[in-house]
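Visitor: fold the stuff below for me.
(one chain, ligands or ions: 1)
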Amino acid sequence: MKLASTEVASVAGLVMDLCGILLDESKGYLIESRLAPIAQQHGLGSYTELVHKARTSYDKPLLKQIINAITTNETLFFRDDSPFDALQHKALPELIDSKAKTPFPKRLRIWSAACSTGQEPYSIAMTLHELIPDIHSWDVNILATDICDAAVEQASSGTYTAFEVERGMKANYLERYLVRHQNNWKVRDELRALISFQHLNLMSPFTGMGPFDIVFCRNVAIYFTPEGRRDVFKRISQTLTRDGYLFVGCAESLADLGPQFTPHHHCRGMFYRPNLPPLGDPARAASPLMAGRK
Ligand SMILES: C[S@@+](CC[C@H](N)C(=O)[O-])C[C@H]1O[C@@H](n2cnc3c(N)ncnc32)[C@H](O)[C@@H]1O
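Guide: Next comes the predicted model:
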């Protein structure tokens, strides 16, 4: 079904309202390839009719279908490697040391925001497992969220094809953390138990979420407008503990967010940490990063 140039704005407006993803004139091919099958399935003759039905019928399954089709779920195990090296060799050891001085020395809260089909939170869970041999005596939760229901469903099932497993999985981890399941592979229950999966739109308020010791928000904000992207990272900063760690995609930078975050480099990997004034400095209480915190 051909997309008329006059229809681009209304489709883009719908997608923006549903999930904050920016589509411009250059994305006509993407709209056609991903939304035409949905329009046809619903017996709609044009994209204008599809937008009208989505906006007026409050047909939730249709809205979900559009979101599932328009999101790009590309991901792989240990994507880019270096963030997971920095996690294993720098962030986690530092965190474990600093936790020893807190009332909850064995509690870890991690958020994989936009987890797609789950390879990212499972890679985090495997890294934790490798580093913390007595992980079962810890209170660990990795919250893994995504707007795409189909992706969250697969993530939660922990089932992967041989092709998906070949992308990034380390051979010794495959044996340790996955089992054969018919023609596929399935993540072992003990690893899955560390993760809770949920549907979440990053454009919605993060009410009641956090505080997290570590947040991964990688390769999703690139799809948002510059304002949408800045807003998401500002709100994520408010879910982090004051000595938390934020991992973003390798091609992403938070330089334009101002002095809220300081970049830290390790093992060719990079993460950001909240940039708080020192303890006792009145500016600390006034910092936006302290909003809602004791
Ligand atoms: C390219 S994948 C990145 C997955 C993983 N973080 C990684 O780096 O491999 C982008 C994910 O962002 C999700 N996404 C897009 N818009 C979103 C939104 N508004 N809220 C939550 N997730 C969103 C998509 O469904 C998709 O699974």
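
Visitor: let me know the outermost residue of the protein.
Guide: With Cα atoms, centre = their mean as the measure, the chain has its most outlying C-alpha, relative to the mean C-alpha position, at residue 45: 34.9 Å.

Visitor: for it, list the residues it contacts.
Guide: Shown in contact with residue 45 (Cβ atoms under 8 Å, 6 or more residues apart in numbering): 1, 39. The C-beta positions use only the backbone N, C-alpha and C, and glycine is treated the same way.

Visitor: before we move on, which element is it in?
Guide: Using DSSP states H and E, residue 45 is not contained in any helix or strand.

Visitor: and the residue found closest to residue 239 once you drop the neighbours it is linked to in the chain, what pLDDT?
Guide: Distance criterion Cβ to Cβ, 6 or more residues apart in numbering; nearest residue to residue 239, sequence neighbours excluded, is residue 210 at 3.3 Å. If you check residue 210, the pLDDT there is 95.

Visitor: contact partners for the nearest residue to residue 88 once chain neighbours are set aside?
Guide: Leaving out its chain neighbours, the residue that sits closest to residue 88 by Cβ to Cβ, 6+ apart is residue 127, at 5.0 Å. Applying Cβ under 8 Å, 6+ apart to residue 127 gives the contacts 84, 87, 88, 92.

Visitor: ok, residue 222 next?
Guide: Counting by Cβ under 8 Å, 6+ apart, residue 222 makes contact with 229, 249, 251, 252.

Visitor: what's the neighbour count on the third one?
Guide: Read that as residue 251. By the criterion of other Cβ atoms under 10 Å, residue 251 has 9 neighbours.

Visitor: how far away is it from the ligand?
Guide: In this view, residue 251 and the ligand are 11 Å apart by Cβ to the nearest ligand atom, to the nearest Å.

Visitor: any part of the helix or strand hosting residue 233 near the ligand?
Guide: Per DSSP H and E: residue 233 is located in helix 226-237. No - judged by Cβ under 6 Å from any ligand atom, helix 226-237 and the ligand are separated, with a smallest distance of 8.1 Å.

Visitor: now do that helix: distance to the chain's middle.
Guide: 13 Å (Cα atoms, centre = their mean, to the nearest Å).

Visitor: state the mean pLDDT of it.
Guide: Confidence over helix 226-237 (mean pLDDT, whole number) is 96.

Visitor: which strands and helices sit next to that helix?
Guide: strand 212-217, strand 240-248 (3 or more Cβ pairs under 8 Å, 6 or more residues apart in numbering; DSSP states H and E).

Visitor: C-alpha coordinates for stretch 242-257, PDB please?
Guide: This file holds the C-alpha atoms of stretch 242-257, laid out as PDB (Å, rounded to 0.1, in the frame of the first residue of the first chain):
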ATOM      1  CA  ARG A 242      23.400   9.000  44.200                       C
ATOM      2  CA  ASP A 243      26.400   6.800  43.500                       C
ATOM      3  CA  GLY A 244      24.700   4.900  40.700                       C
ATOM      4  CA  TYR A 245      25.900   4.000  37.200                       C
ATOM      5  CA  LEU A 246      24.200   4.700  33.900                       C
ATOM      6  CA  PHE A 247      25.200   2.800  30.700                       C
ATOM      7  CA  VAL A 248      24.100   4.300  27.400                       C
ATOM      8  CA  GLY A 249      24.800   3.100  23.800                       C
ATOM      9  CA  CYS A 250      28.300   3.200  22.400                       C
ATOM     10  CA  ALA A 251      27.300   5.900  19.900                       C
ATOM     11  CA  GLU A 252      25.400   7.900  22.500                       C
ATOM     12  CA  SER A 253      26.600  10.800  24.600                       C
ATOM     13  CA  LEU A 254      25.000  12.800  27.500                       C
ATOM     14  CA  ALA A 255      27.300  15.800  27.000                       C
ATOM     15  CA  ASP A 256      24.300  18.000  26.100                       C
ATOM     16  CA  LEU A 257      22.600  17.200  29.400                       C
END
